[in-house]
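Visitor: A structural model of the following input is requested.
(one chain, ligands or ions: 4)
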Amino acid sequence: MTLSVSRRALMKGAGAGFAAALFQPAVRAAAVEEAQSDWSGWTICDSCNHMPMCGIHFKARGNTVIRIENWNEHPNHFLCSKGISTLQRLYNPNRLLYPMKRTAPKGAADPGWVRISWDEAIKTIAEKLNAVKAKNGADRVLFYCGDPKEPRPPVMRLARYFGSPNYCCESSVACNLAYVHALELSYGAEIAGGPSPKTKCCMIVGKNGSWASPHGFFRNLLAQKARGLKLIVSDPRRTKVAEQADIHLQVKPGTDGALAWGMIRVLVKEGLVKREFVDKWCTGYEELVKYCEAFTPEYVEKETGVPADDVVKAARMFADGPSSMMLPGQSIPHQGNGCNNVRAYSLLMALTGNVDNAGGSTFNNWPEDYIRWDEGYTKTFIDQAWFNEPEQKARRIDREFAPVWNEMQVLCSPNKLPEMVEAGRIKAFAGFGTNLLIWPSPAEYQEAIRKLDFSFATDYFYRDETHHDMDLVLPAAMNFERYAPFGVHGRAVSARKPVKPLGEAWEDWKIALTIGAAVTGDSDLFFGGDPVKACDSILNGWGTSYAERQAMLPAVKPCEWFPKPATEKYAKGILRFDGKPGFRTPSGKIEFVSSVQAKHGFPGLPVYEKAPQPTEKYPLKLLNGTRRPYITHSKTRSDQPYLLELEPESYINMHPADAASRNLVEGDKVWIISPYSKDKVRARVRVTILARKGLVDAQYGWRGDQETQGLIPRKGWDPISGYPCCNDVCVEVVKADVANNA
Ligand SMILES: Nc1nc2c(c(=O)[nH]1)N[C@H]1C(S)=C(S)[C@@H](COP(=O)(O)OP(=O)(O)OC[C@H]3O[C@@H](n4cnc5c(=O)[nH]c(N)nc54)[C@H](O)[C@@H]3O)O[C@H]1N2
Ligand SMILES: Nc1nc2c(c(=O)[nH]1)N[C@H]1C(S)=C(S)[C@@H](COP(=O)(O)OP(=O)(O)OC[C@H]3O[C@@H](n4cnc5c(=O)[nH]c(N)nc54)[C@H](O)[C@@H]3O)O[C@H]1N2
Ligand code: SF4
Ligand SMILES: [Mo]
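Guide: Ligands and ions are numbered 1, 2, ... in the order given. Next up is the predicted model:
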């Protein structure tokens, strides 16, 4: 497949004005490179960041990628529309290709960007960060890595050896990590995994893997369904996953806690609790029995909209052995009581004894040094022990705001950034793949960035809404152009064979390592800025090397360093780091009553709290940001314009009854109105039973007047995770007056 890029579509992108002049020559040079013999390269797709990502095989001529296709030997090898169109992103003429510095004061309409050398960029960063450190302390610098998860390891290492525990990620703002946090509070570790041939029943809550992880997750789900898996799905939308369900619990958003407690009550009342397991391995059962009493099926129906019968049937189906598992997604944690709602669901596994058993949800028994959440790097690489020191936890900016998160998680929550800048606790920002639209009411974060002494970010593109008031913007090499990181897919580990970066783009690992060497003056500590040497520092410990993995391409082979999967690890003493039987919680048991929550003054049980309800003026609940197959967050629109042909504007899904009562038909232009913003948000209507009645199912990540994050207030944070309440806001939708352009 060769691409002819439509320039008109591309120039709609942010930053197009200066992009054209600065970035075109190198792109053109690559495109006209004289014909040489074609060669094969391999890389990993980074277009959606679902884990694990898909493998890409590409053909290159000289240094130009001319064709991309499935990497058949890779465990994930079916590229979707987003993956295929990354070639269009690679040669997008708007790409950021040179380091840039502003020449106008912050706040000026035109930042006056000029091209600078990497030498100047690195020197400036080292001087500015070290000046803040000398004057105010290293913790005054906030290091941040956005959803591009691949730069995380060296950025965290940079934060560590610079000396700032304020290392934050999109996963500590709002992603999946809050449900892992919820599972860790009860179980001491994440307990998940996909259904296996031994799974009798799977309950999926607030996760739509048919669109968000179509290959790894959805293909497996369909295969298991075909052989007789029982499926329960809790989702307000009729998703492709829900359509597979034996029981679809179409809850009102935000009411999952009531539904979960209702199911718990059925287990208790009908004698479906595995008392032997619970008595031996769990704490807090008596409190749980007392608390669930109020959640009768009738009450649950009233609260959640799920028929009482279905609540009972679902609980019985889940308890009907020999094996059941539960899988959560990212939407429920984006609510004020989200963590507790996920925790309540998760207790169903312990109550029915479905913990780390064959066919049930399992704990990964990665070696102690391994960190799954950041795709394969190690605790040693980032010196995780340092981040966990009480002294470092105390210096983190989330200490007062989200104390449970602060105690449990190594990533700091940056959600109070505006307040922290105001209070002088943050003076500088070092960003990798940053997007300020990730936050509710992003204008307040934009203002915070403007007020800093110094800030920079690396990115593929110049993004005005994020970079406008930064000091430096640095060009990151794309997935086709970088070595790091290696890929980890279960037990298999893969290297890449890339092309050279266009222009002066550097891979993020090189940028972070080079800055690390410059700020600390210790080049060895940062592998002389070499990403492959940094990868080898991890891979050599696993008995392999980058070169060895590269030599075996296109094969992707398991790494013998990983232990073999095992069940009932809690009983065998291989879950706790001290080797004793039990779980990694403070009590060593599964905690129905979380001792960490209780210690910080919260109820220890995952109690249910009512979410904000629709009112007469704002009668629709906004789901702000469910996944669509051809969109990723704030990316892909102008970066991969082919995808815009599938959905050129922001579309909201509305139930036919809600559309009819507003006199709306498919394709109508509408405004979304929220009590929290004076600005209304533009969209078009899609009339569909995908949406439950009373819902507006919207996309976040559009820019300009289609941008939805402004509809969300900076309040109602989940106190257990510090996550924003993206899915807690009620809105109204009105038809636009197209004739009068209003
Ligand atoms: N195409 C695509 N794929 C992606 C991404 C992308 O941007 N685009 N992003 C990746 C990332 S970073 C992530 S975190 C994952 C997310 O993956 P998922 O968690 O699967 O993402 P969602 O599509 O938000 O699915 C959540 C589901 O929860 C439902 N839901 C919303 N509110 C509630 C509620 O109150 N109760 C219940 N029970 N359900 C609710 C929604 O209707 C939706 O169907 O996807 C990854 N994959
Ligand atoms: N309302 C609402 N808000 C949400 C969510 C939601 O569902 N609803 N979802 C949350 C979730 S789950 C997530 S994961 C976040 C999304 O997390 P974000 O960090 O907001 O993700 P993106 O929008 O993809 O923006 C990433 C930026 O990094 C750049 N980039 C991409 N790849 C690279 C790279 O390899 N290197 C560098 N240097 N830059 C790169 C992109 O060009 C873009 O500017 O949003 C969260 N916020
Ligand atoms: S699902 Fe699509 S976008 Fe996501 S990693 Fe695979 S090919 Fe890339
Ligand atoms: Mo995410």
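Visitor: phi, psi of the closest residue to W113 other than its chain neighbours?
Guide: Leaving out its chain neighbours, the residue that sits closest to W113 by C-beta to C-beta, 6 or more residues apart in numbering is M100, at 4.5 Å. Where C-beta positions appear, they are placed from N, C-alpha and C, glycine not excepted. When quoted as degrees, to the nearest 10, the phi and psi of M100 stand at phi -130, psi 140.
Visitor: Can you name the residue of the stretch 501-650 of the chain nearest to ligand 3?
Guide: Closest to ligand 3 within the stretch 501-650 of the chain is T632: 6.8 Å, counting by C-beta to the nearest ligand atom.
Visitor: The stretch 351-500 of the chain too?
Guide: Closest to ligand 3 within the stretch 351-500 of the chain is N479: 9.3 Å, counting by C-beta to the nearest ligand atom.
Visitor: For that residue, list the residues it contacts.
Guide: Counting by C-beta atoms under 8 Å, 6 or more residues apart in numbering, N479 touches T43, I44, C45, D46, I56, T86, E150.
Visitor: Please narrow those residues to those residing in strands.
Guide: T43, I44, I56 (DSSP state E).
Visitor: export the contacts of N479 to a markdown table and tack on pLDDT and distance to S117?
Guide: Shown next, in a markdown table, are the contacts of N479 (pLDDT from 0 to 100; distance: C-beta to C-beta, whole Å):
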| residue | pLDDT | distance to S117 |
| --- | --- | --- |
| T43 | 97 | 28 |
| I44 | 94 | 30 |
| C45 | 94 | 32 |
| D46 | 93 | 27 |
| I56 | 96 | 32 |
| T86 | 95 | 29 |
| E150 | 90 | 25 |
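Visitor: now the residue of the stretch 351-500 of the chain closest to ligand 3: how far from P641?
Guide: N479 sits 18 Å away from P641, going by C-beta to C-beta, to the nearest Å.
Visitor: same thing with N94?
Guide: N94 is 10 Å from P641, by C-beta to C-beta.
Visitor: What is the least confident helix or strand in the chain?
Guide: Using mean pLDDT, DSSP states H and E, the weakest-scoring helix or strand in the chain turns out to be helix 7-11, at a mean of 34.
Visitor: show me the contacts for the residue nearest to D147 when sequence neighbours are not counted.
Guide: Spatial nearest neighbour of D147, excluding adjacent residues (C-beta to C-beta, 6+ apart): E170 at 4.5 Å. E170 makes contacts with C145, G146, D147, N435, I438, as judged by C-beta under 8 Å, 6+ apart.
Visitor: before we move on, what about F602?
Guide: Residues in contact with F602 (C-beta under 8 Å, 6+ apart) are V404, P719, I720.
Visitor: count of residues packed around the last one?
Guide: I720 has 29 neighbouring residues, counting by other C-beta atoms under 10 Å.
Visitor: From T632, how far out is the closest residue to it other than its chain neighbours?
Guide: Leaving aside its chain neighbours, I720 sits nearest to C339 (3.8 Å; criterion: C-beta to C-beta, 6+ apart). For C339, the distance to T632 equals 25 Å [C-beta to C-beta].
Visitor: neighbour count winner among the two?
Guide: Neighbour tally, C339 and T632, criterion other C-beta under 10 Å: the higher count belongs to C339, 29 against 22.
Visitor: where along the stretch 251-400 of the chain do the helices fall?
Guide: For the stretch 251-400 of the chain, the helices defined by DSSP state H, counting those that start in this stretch cover 256-269, 275-281, 285-292, 297-304, 308-319, 338-351, 379-382, 384-387, 390-395.
Visitor: wait, the stretch 51-200 of the chain
Guide: Taking DSSP H, counting those that start in this stretch as the test, the helices found in the stretch 51-200 of the chain are 81-84, 86-90, 118-136, 152-162, 170-173, 177-187.
Visitor: and if you look at the stretch 401-550 of the chain?
Guide: 403-408, 417-422, 442-450, 464-467, 508-520, 531-539, 546-551.
Visitor: Run the chain-centre distance for the fourth one.
Guide: This points to helix 464-467. The chain centroid and the centroid of helix 464-467 are separated by 20 Å under C-alpha atoms, centre = their mean, to the nearest Å.
Visitor: Using CSV, write out every CA atom in it.
Guide: Output of helix 464-467 as CSV, limited to C-alpha atoms (Å, rounded to 0.1, in the frame of the first residue of the first chain):
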residue,chain,number,x,y,z
ASP,A,464,-1.6,24.4,20.1
GLU,A,465,-4.0,23.6,23.0
THR,A,466,-1.1,22.0,24.8
HIS,A,467,2.1,23.5,23.6
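Visitor: other SSEs contacting that helix?
Guide: For helix 464-467, the packing partners by 3 or more C-beta pairs under 8 Å, 6 or more residues apart in numbering; DSSP states H and E come out as helix 442-450, strand 454-459.
Visitor: nearest to G694, of the ones you listed?
Guide: With C-beta to C-beta as the criterion, G694 lies closest to helix 442-450 of these, at 26.7 Å.
Visitor: Right, I'll call it a day here.
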